[in-house]
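[1] sequence isn't available, so here's the structure alone:
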C-alpha cells in the first residue's frame, strides 16, 4: 500500500490525472519522488498517442508540433512551467539569495517570467517542427525522455540541500533521503536504452547530463540549494535540451 500511495501522491502533485483521496500524513509521502518518473510515462504516452493520431489523420508538421508542445502542459497542469517562470524572475533580479527566494515565493508574474516562458515555448515548438516524425526510434525517445528528466530531477532534489529549509519539496524528500541514487540509475538506464536503440541518441543523454550540471551549479551558486521552483525550472530546461539533442541526432544521421 505504501508504494501505491507514493505513486498516487506523485500523480496528484505533478499531474492533472485524477487519483483517489490520499492520506498525506502517511509515511508514503517521503517516497513520492521515487515514483515521480512514472508521471513521465504518462507524459510520454500522451506524446505517443498524439503522434499516432496526427499520422492517422494526416495532420501537418506545424499542428503536430503545436500538440507536442501543449500536451506536457495539459498533463502536468503546468506545475513545472510555473516554477520555471518564478526562477526566471529571481535570476533576472540579480539580488541576494534571500531576496531571490522571496521573489520565487511571490505569486505575481514578472516581465522576465513572461519573456522566459515565451522563449521556452517558442524554442520547444521550433524544435518539434524540425523533428523527423518518421524516425524509427522516435517512439522510444518520446516515451523515455520524460522519464529520464524526472529521474534526474528527483535525484537532484534528494541530493542538493533545501534552500528554504521547508516547503513542499522538503515534505516529499524527507530528512534521511535514503536511496537517492535509485532515480539517477533509472535515468541513466533510460539514456543507455536510447543509445542502444540508436547510437546517435547519445546526444539526448549528453544534453540531459549537461542540463543537470548547469542546474546543480546554478542552484548552489545563486540559491544555496534547491527548491520546488528550481526543480521545475530544471525539468523544463532538461526536456528542452533533450529535444535539441534529438533534433541534432536526426540531423547528423541525415548528413552522415
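    Structure's in. What do you need? Predicted model only: the values in this text are computed from it and were never measured.
[2] every contact and neighbour count from this point should use C-alpha atoms.
    Will do.
[3] which ones are touching the spatially closest residue to residue 39 that is not a sequence neighbour?
    Distances taken as CA to CA, 6 or more residues apart in numbering put residue 11 closest to residue 39, at 6.1 Å, once the chain neighbours are dropped. Applying CA atoms under 8 Å, 6 or more residues apart in numbering to residue 11 gives the contacts 17-19, 36, 39.
[4] residue 247 and residue 133 touch, don't they?
    No: counting by CA atoms under 8 Å, residue 133 is not a contact partner of residue 247; they are 10.7 Å apart.
[5] who's more crowded, those two?
    Set residue 247 next to residue 133 and count neighbours by other CA atoms under 10 Å: residue 247 wins out with 21 against 18.
[6] what distance do you get for that one to residue 127?
    7 Å (CA to CA, to the nearest Å).
[7] what touches both of those two?
    With CA under 8 Å, 6+ apart, residue 247 and residue 127 have no common neighbours.
[8] show me the contact partners of stretch 228-237.
    79-87, 104, 149-150, 153, 157, 167-169, 211-212, 215, 219.
[9] now which of these would you call buried?
    79-87, 104, 149-150, 153, 157, 169, 211-212, 215, 219 (16 or more other CA atoms under 10 Å).
[10] narrow these to those in helices?
    Of these, the ones assigned to helices by DSSP state H are 79-87, 104, 149-150, 153, 157, 169, 211-212, 215.
[11] and residue 187, what does it touch?
    Counting by CA under 8 Å, 6+ apart, residue 187 touches 147-152.
[12] repeat that with 10 Å
    Counting by CA atoms under 10 Å, 6 or more residues apart in numbering, residue 187 touches 37, 144-155, 181, 193, 205, 208-209.
[13] test my guess that residue 225 contacts residue 169.
    No: using CA atoms under 10 Å, residue 225 makes no contact with residue 169, being 11.7 Å away.
[14] so what sits against both of these two?
    Contact criterion CA under 10 Å, 6+ apart; residues shared by residue 225 and residue 169: 157, 162.
[15] can you pull out the low-pLDDT segments for the stretch 1-150 of the chain?
    Along the stretch 1-150 of the chain, segments meeting pLDDT under 70 span 1, 24-25.
[16] 80 - rerun?
    Applying pLDDT under 80 to the stretch 1-150 of the chain flags the ranges 1-2, 22-30.
[17] all helices of it, in order?
    Along the stretch 1-150 of the chain, counting by DSSP state H, counting those that start in this stretch, helices occupy 2-14, 32-57, 61-76, 79-93, 97-105, 111-130, 138-159.
[18] against which helices or strands is the last one packed?
    Going back to what we said before, that points to helix 138-159. Identification of packing neighbours for helix 138-159 by 3 or more CA pairs under 10 Å, 6 or more residues apart in numbering; DSSP states H and E yields helix 32-57, helix 168-173, helix 181-197, helix 202-218, helix 228-255.
[19] could you redo the last one with a cut-off of 7 Å?
    helix 32-57, helix 181-197, helix 228-255 (3 or more CA pairs under 7 Å, 6 or more residues apart in numbering; DSSP states H and E).
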